[in-house]
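[1] Here is my input; please provide its structure:
(one chain, ligands or ions: 2)
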Amino acid sequence: MIEGWTRTARWLHWGTALAVLVEVPAGFAMAWTYLDGVRGGPLAGLHLRASQVHHTLGLLLLASVIVRLWWRWRHPAPALPAQTSRSGALAARGVQALLYGLLLLLPLTGWAALSALGAGAGYSAPQMWFFGHDGFGPGGLIPHIVTPRPWDAPGIVGYGLFAKAHVYMVWAGGVLLVLHIGGALKHHVIDRDGVLKRMLGRD
Ligand code: HEM
Ligand code: HEM
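    Numbers count the residues shown, from 1 in each chain. Ligands and ions are numbered 1, 2, ... in the order given. The predicted structure is shown next:
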């Protein structure tokens, strides 16, 4: 039998996976109903709710991945089964490290985009609410991490840059998840070495 993950590691892993499963459709629902949101079209209500869920849950994901990385630093991962090839282990750990990187950078670029947009700095933007509060407004919960300025101000450091980076990272994350889940299923179905089972908490 191979060494397992602790209960905390498993809860953090599957909790994150579940949150991402809600976060991604909320992001697409928000982006695809953007015009209705601006013009008060039939899907404006959906746009508002999707935005609130996306921004609030996204920042919770950021907080949780910071806690998780701190925890992980103090608790090394269990070794992979002895028969795992060196290149296989390297690929698995590389993909996992990149997933951690995206779990940090996705919320940060999203947060920077909204900060740059200047919600609370002259824009009426209820979809920027977090936990029911205006995230960036006076008395808002969330500080700006970049200086707010009008979306059409000259220069490249603004909403467009951060939003573009955010969306590219979404697609990179999709590719990484296909590799990650494919790798987990290969361990389970082909190698039958208990790697998926130990993350599920069974031996
Ligand atoms: C792990 C966390 C996150 C994931 C997986 C994620 C995922 C997504 C997805 C799938 C989209 C739609 C992409 C598209 O239109 O093609 C999106 C858009 C967006 N997200 Fe996130 N997001 C995360 C965190 C955040 C956070 C914390 C914020 C802000 C506080 C945020 C702000 C935005 C904004 C402003 C857009 C619209 C970008 C645009 O189309 O111009 N995101 N996100
Ligand atoms: C958004 C979804 C997911 C994310 C962000 C994610 C991320 C991660 C990360 C960062 C690790 C490394 C843990 C560490 O070393 O601290 C990991 C491990 C693992 N993940 Fe995921 N994962 C996701 C979904 C899944 C799914 C759907 C499966 C199964 C089909 C899966 C199977 C595994 C397994 C088996 C391990 C442990 C590998 C080992 O024991 O060495 N993950 N995941």
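[2] quick one: which helix or strand includes the residue most central in space within the chain?
    In the chain, the residue lying closest to the centroid (CA atoms, centre = their mean) is residue 103, at 4.4 Å. In this assignment (DSSP states H and E), residue 103 forms part of helix 86-117.
[3] just checking, what packs against that helix?
    Helix 86-117 sits against helix 44-74, helix 159-186, with contacts defined as 3 or more CB pairs under 8 Å, 6 or more residues apart in numbering; DSSP states H and E. For glycine as for every other residue, the C-beta is placed from the backbone atoms N, C-alpha and C.
[4] Nearest to residue 81, out of those helices?
    Judged by CB to CB, the one of the helices and strands packed on helix 86-117 that comes nearest to residue 81 is helix 159-186, at 12.4 Å.
[5] For the next helix or strand after the closest one, list every residue counted as buried.
    Later in the chain than helix 159-186, the nearest helix or strand by DSSP H and E is helix 195-200. Buried residues in helix 195-200, counted by 16 or more other CB atoms under 10 Å: 195, 196, 198, 199.
[6] which residues sit in contact with the second one?
    When contacts are counted by CB atoms under 8 Å, 6 or more residues apart in numbering, residue 196 touches 184, 185, 187, 188.
[7] State the distance from it to residue 102.
    Separation of residue 196 from residue 102 (CB to CB, to the nearest Å): 21 Å.
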